[in-house]
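# I'd like to go over a predicted model; first the sequence, then the structure.
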Amino acid sequence: MKKSEPEKLGAHSRRTFLKTLGTTAVTAVAARTDAVAAELEKVNAEKVIGPGAVPVTLKVNGQKLKLQLEPRVTLLDALRNYSSLTGAKEGCDRAACGACTVLLDGAPIYACQKLAIEAQAHEIITVEGLADGDKLSSVQQAFVDKDALQCGYCTPGFIMSVTALLKHNPHPTADEVKHACAGNLCRCGTHPHILQAVFQAAGVKTTSKTEVLHG
Amino acid sequence: MASWPESPKYISHATTRVDGAPKASGRARYASDIQADGWLYGMILRSKWPAAKITEVNLDKALGIPGIKAAVKARDGEFTVRFYGEEIAAVAGTTKQACLDALRAIEVKAEPQDKFVVNENEARKDDAPQVWAGRPNASPGRPRERGNVDQAFSECAAVIEGFYTTPVQIHNPMETHGNTASWTEEGLTVWASTQGISSVRDGLAGALQLEHSKVRVSTEFMGGGFGSKLGAGVEGVLAARLSQAAKAPVRLMLTRFDNALAVGNRPSSFQKIKMGALADGTLHAFDAENYGTAGIGAGADAGGGGGGADIPMPYLYRVPNTRVKQSAVAVNAGSSRAFRAPGNPPASFGMESAMDDLAVKLAMDPLEFRLKNDPNDVRQREYKIGAEKFGWKEKYRKPGSSPGVVKTGIGCAGAAWPAGGPSRSTQGEAQINPDGSVEFRLGVQDIGTGTKTVIAVVAAEMLGLKPEQITVKVGDTNFPPGPGSGGSTTCASVSPTVYDICTKALQQLQTQTGIADARGENWFAACKKLGVNPLVVHGSWIEGLSTRPAYGVQFAEVEVDTETGLVTVERVVAVHDCGLIIDTLTLESQINGGVIMGMGYALYEERVMDDLSGVMLNPNFETYKLPGIADVPEIEVVLLNMPERGVIGIGEPATVPTAAAIANAVANAIGVRVGSLPITPAKVLAALGKVPKSVAQT
């Protein structure tokens, strides 16, 4: 991935944010309700799609995925239930657990909070897109080596968050790792090993503090 | 008598999880990932009333929604629902969206009851609305007494009285409960997110009046259970019935909300403890009354895993004069189920808090007080090892004497897990192929603890192969039967079974091939001599290689900000034993996990019910707080390898003492006891007298 992409991403997110703001906060604050409503109506009139299934093309792991989806179908649903890409998991379906984390143009997002139609024309990478055939990515391999997984249900989400972190920050501090993984929950309590795995993937040697006393 | 190898190559060493790669690559297929041919979504309509008589459920309009292929009622005729979230009906359709529309189209006629009770303190009162008509909410409780408690208190040099409470905790596995069910003329196949494939098969067969041989349950991967996924569940039966009606496979996974409401929790506890010691610090008298709620039931549908409201008291200690009275209180909320070491974390919190409070009164170091009274040799040893590593002597200060606004404190607590032993009926088989490949098949399941890895490690050790040369298949009721993953029994069940299979395989290879020792470098030559047919060897659990119970102690260091009330756990030293260690790496993971779950119990987790509406207010991850990676302290694990004891399970003891150790560390830091879990900032500030006590009420 090109080095400049994170900045580009930032700009993208910002635009999306402002666009969203245009329909909510600005409406209330500026109190120009009528004008905004008229504007929205105009925009919507041009763009009404659905409610029935519409053609949607997603670019996932470098491949085009052509689907027929109701506009209300989320990216997560599209991946898990309209294709065989079940690597991204559904843990909450409301942006709280991070099991569904995928990369959208290199940035980690909750796939449950993105409509599939909105994700068109973006590069989507799921956990299935990281390995090169049977060869796991360095992050995936580190998760295996350090046993940074137990039941494994949250693992794809953590791996995507960590992959995104290391792309733009190859040598993170522990605090930076914690920040990057703050949106991912794990109930088995694998966190200490996740931290070790990230350091291994970043090329930093870690030693286990575990002591085994025999006899 | 069988015995484990003396100088093992893989056993007691670190082996990476054999199914790590499929999990890390996204290839692993969980129950929620199954895409059977022509599968449909399933969803459940749940009661929006905490108590109501359901007089009519009309599914016609739901069945008219485009894409809906089946709809079934949870029960026929009129019926009563007793908690917000109880099942009413279920639908199956071609899309999730169609199902959502269909749930809204189901017409339910109900007579909501305006009287219900969700608070255990209210429910205990004589005039409380009855959750089960004609039955008092609170069981009377039978007091049991040993010695002469009243007289004994008069002999004590120090006596404390405390009230220690623990909340209802929700399991919250990352994968919700659910199944894909496919019911055809040949029978019912279910891909279940379960801890007990056999109990799910038996439960479904019973509920649907099918022969056991007609039900097959498959669980290759599952996303956590912690005790809540031992049975078939209402959702499993509904998925099967939907499949039968729709003539198609149905995947019915619960929503995160459903999961918090209806599929189990850890009962609360309200422990009133009076305890006294003689002048030399010997525990002498104990008088306790405890009640807690298991919701509408007491561990119903827990697949035999327990989960009632009673707890072991006075837990780890032998007090000569003891009186205990316990009561389970029904409320209009989802039933409890077994939850990682049922009864033990609340018992540990109550008793170990009381121990520290009494130590303070006796002006004794709480560690010394434990060493004086703990009757168990293993824990005695663990306390000494842990104290040394933790630096207890150097760190210990009198309660509340830490200077400054942010105060530090330390605490410790002990664990016991009386189960953890084997299921003696465990069986398994191995297929040894002429090309030297070998596959082990056991009807157990891997819930994330590393069962597949344990099987591979033991097999590799016994056959002189590498763990990666062993193919392990579990999670299929067509395999020889094994226990459910509950009670920390799996490791102690499968290890001797694999040992037995391997011993028999080596004997058989010798007989068939004439090669005296087929292990290691002779393996491939021996297998080749099998000719065309593979060798299939059946084995079962044998005596002498496993035992129980496990113990364990933990030490915690915390920082408490006395201005904000925030508690930060800085460090935990966890000293545990589980007999012969099979794999140090996955064992370390389990102990980390136990500590972190215990930290959640100590500081964050609590089901919050609304008294007025009867609704659970935090059935999601935004408002029910689980520990995140930034909350996790430095965890140092010390493992006692005791091969002479054989194999013992560890999943449960690891989570038992954490909350108590943290609570004791908080009390040590601020000099006052917060006797109620979770220890929220509001409760800390209330204990410090900085906010009124009422602010901290939940």
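In hand now; what should we look at?
# Quick check: the gap between the closest residue to residue A:61 other than its chain neighbours and residue A:66.
Excluding the flanking residues, the one nearest residue A:61 by Cβ to Cβ, 6 or more residues apart in numbering or on different chains is residue A:129, at 3.1 Å. Quick note: C-beta positions are derived from backbone N, CA and C, even for glycine. Distance, residue A:129 to residue A:66, using Cβ to Cβ, to the nearest Å: 18 Å.
# So which of those two has more stuff around it?
Neighbour count, other Cβ atoms under 10 Å in any protein chain shown: between residue A:129 and residue A:66, residue A:129 has more, with 20 against 8.
# What count of nearby residues applies to residue 78?
Looking at chain A here, since you left the chain open. So residue A:78, with other Cβ under 10 Å, has 24 neighbours.
# oops, I was thinking of chain B
13.
# what does the model give it for pLDDT?
Model confidence at residue B:78, given as pLDDT, is 97.
# Skip the chain neighbours and tell me the closest residue to it.
Nearest non-adjacent residue to residue B:78 (Cβ to Cβ, 6+ apart): residue B:55, at 5.4 Å.
# Isn't residue B:172 up against residue B:259?
Yes - counting by Cβ atoms under 8 Å, residue B:172 touches residue B:259, with 7.1 Å between them.
# Strands of the stretch 1-150 of chain B, residue ranges please.
Taking DSSP state E, counting those that start in this stretch as the criterion, the stretch 1-150 of chain B contains strands spanning B:40-46, B:52-58, B:68-73, B:79-81, B:87-93, B:107-112, B:144-146.
# buried ones in the fourth one?
I take that to be strand B:79-81. B:80, B:81 (16 or more other Cβ atoms under 10 Å in any protein chain shown).
# Which other helices and strands does that strand contact?
Counting contacts by 3 or more Cβ pairs under 8 Å, 6 or more residues apart in numbering or on different chains; DSSP states H and E, strand B:79-81 is packed against strand B:52-58.
# Quick one: residues in contact with the strand it packs on.
B:47, B:73, B:78-81, B:88-89, B:106-113 (Cβ atoms under 8 Å, 6 or more residues apart in numbering or on different chains).
# Who does that strand pair with, and is each partner parallel or antiparallel?
Strand B:52-58 has the following strand partners under DSSP bridges: strand B:79-81 (antiparallel), strand B:107-112 (antiparallel).
# So which bits of it are buried?
B:52, B:54, B:57.
# For beta bridges, what are the partners of the first one?
For residue B:52, the beta-bridge partners under DSSP bridges are residue B:81, residue B:112.
# If I look at it, what pLDDT would I see?
98.
# Residue A:8 too?
39.
# try the one 4 residues further on
Model confidence at residue A:12, expressed as pLDDT, equals 44.
# now the one 5 residues further on
According to the per-residue confidence, residue A:17 scores 46 in pLDDT.
# The single nearest residue of chain B relative to chain A and residue A:155: what is the separation?
Using Cβ to the nearest Cβ, the closest approach of chain B to chain A is made by residue B:26 at 2.4 Å. Remark: distance between residue B:26 and residue A:155 (Cβ to Cβ) = 9 Å.
# neighbour count winner among these two?
Looking at residue B:26 and residue A:155 with other Cβ under 10 Å, you find the greater number of neighbours at residue A:155, namely 32 against 25.
# give me every residue that touches the nearest residue to the more buried one once chain neighbours are set aside.
Once flanking residues are discounted, residue A:155 sits nearest to residue A:149: 4.4 Å by Cβ to Cβ, 6+ apart. Residues in contact with residue A:149 (Cβ under 8 Å, 6+ apart) are A:143, A:155, A:190, A:193, B:17, B:20, B:23, B:24.
# any chance of these in TSV, plus distance to residue B:367?
Output for the contacts of residue A:149, formatted as TSV (distance: Cβ to Cβ, whole Å):
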residue	distance to residue B:367
A:143	37
A:155	38
A:190	30
A:193	29
B:17	36
B:20	39
B:23	40
B:24	41
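# can you pull up the bridge partners for the spatially closest residue to residue B:213 that is not a sequence neighbour?
In this structure, residue B:213 finds its nearest non-sequential neighbour in residue B:187, 7.6 Å apart by Cβ to Cβ, 6+ apart. As for beta bridges, residue B:187 partners with residue B:184 under DSSP bridges.
# what's residue B:187 in contact with, if anything?
By Cβ under 8 Å, 6+ apart, the neighbours of residue B:187 are B:210, B:213, B:214, B:215, B:216.
# okay, now the last one: neighbour count?
Around residue B:216 sit 18 other residues, with neighbours defined as other Cβ under 10 Å.
# quick one: the helix or strand that contains it to chain centroid distance?
Assigned by DSSP states H and E, residue B:216 belongs to strand B:215-218. Distance, stretch centre to chain centre, for strand B:215-218: 23 Å (Cα atoms, centre = their mean, to the nearest Å).
# what about the next helix-or-strand element following that strand, near chain A?
Following strand B:215-218 in sequence order, the next helix or strand is helix B:233-246 (DSSP H and E). No - judged by Cβ under 8 Å from any Cβ of the partner chain, helix B:233-246 and chain A are separated, with a smallest distance of 15.5 Å.
# coming back round to it: residue B:107 versus the residue nearest to residue B:78, what's the distance?
From residue B:55 to residue B:107 the distance is 11 Å (Cβ to Cβ).
# for residue A:146, same thing?
With Cβ to Cβ as the criterion, residue A:146 and residue B:107 are 54 Å apart.
# who's more crowded, these two?
Taking neighbours as other Cβ under 10 Å, residue A:146 and residue B:107 compare with residue A:146 leading, 26 against 12.
# I am finished for the moment; much appreciated.
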